[in-house]
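In: turn this into a model:
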Amino acid sequence: MASSARKIIGIFAIIIVFLLVFTAFSNVLILAQDDTEGNIPGVDMAALWSLHGGFTWIYPGSSHNANGHTLHNIYMTDNPYQDAKEIMQYTYGINPHILVIINDKAAAHIFGDDILDTIRQHDWGEGHSRGDAVAMSITQVNLLPVIPDILMGNIKIMII
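Out: Okay, here's the model as predicted:
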């Protein structure tokens, strides 16, 4: 009995190590989903993260695939997550394997309730580009709500 339990634990440990290694060397696409603009959500901001490259901020309106679908409007397509991957491949030549979707509630918990207003102020009010505006706006990060937001469905993580 103890021998089979050790085998099962060993198999789970190998799977977890494999997933961690896979994650560490994969490109991660992060989408900030905006549910406040109507029935169909949009993507207001996106970032690409990798272990060797860090964060690269992406403006969703200027990212598109061969069919003309933009990252901003991927929820209007039949297969939004596959389209997001195709958009990253077509526009940037990058093949993300992991997709993280953060909704408005999670963004407020992690970055503060005023994160969208702060980004808009840097973007439109001070004339910075979108990526610079986001980078300048994220000055305080609270990592404590990440796990609860994952459990509540405010943050979704999937392999694409």
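In: residues in contact with the most centrally placed residue in the chain?
Out: Computing the C-alpha centroid of the chain and ranking residues by Cα atoms, centre = their mean puts Ile30 first, at 1.4 Å. Listed by Cβ atoms under 8 Å, 6 or more residues apart in numbering, the contact partners of Ile30 are 46-49, 99-102. Where C-beta positions appear, they are placed from N, C-alpha and C, glycine not excepted.
In: please report phi then psi for it.
Out: Here is the backbone geometry of Ile30 (degrees, to the nearest 10): phi -110, psi 130.
In: again, but for Lys156
Out: phi -120, psi 130.
In: just the helices in this structure please.
Out: Using DSSP state H, the helices of the chain run over 2-24, 80-92, 104-111, 115-120, 130-137, 146-152.
In: could I get these as a markdown table with mean pLDDT, mean neighbour count and distance to Asp34?
Out: Shown next, in a markdown table, are the helices of the chain (pLDDT from 0 to 100; neighbours: other Cβ atoms under 10 Å; distance: least, Cβ to Cβ, whole Å):
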| stretch | mean pLDDT | mean neighbour count | distance to Asp34 |
| --- | --- | --- | --- |
| helix 2-24 | 82 | 10 | 26 |
| helix 80-92 | 92 | 19 | 14 |
| helix 104-111 | 85 | 19 | 6 |
| helix 115-120 | 65 | 18 | 8 |
| helix 130-137 | 54 | 19 | 14 |
| helix 146-152 | 93 | 13 | 16 |
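In: top of the contacts of Ile30 by neighbour count?
Out: Counting by other Cβ atoms under 10 Å, Ala46 has the largest number of neighbours within the contacts of Ile30, with 25 neighbours.
In: state which strand of this structure is the longest.
Out: For the chain, the longest strand by residue count, based on DSSP state E, is strand 42-50.
In: pairing partners for that strand, with directions?
Out: Paired strands of strand 42-50, with direction, are strand 28-34 (antiparallel), strand 54-58 (antiparallel) (DSSP bridges).
In: tell me how far the shortest one lies from the chain's centre.
Out: When you say that, I think you mean strand 54-58. From the chain centre to the centre of strand 54-58 is a distance of 10 Å (Cα atoms, centre = their mean, to the nearest Å).
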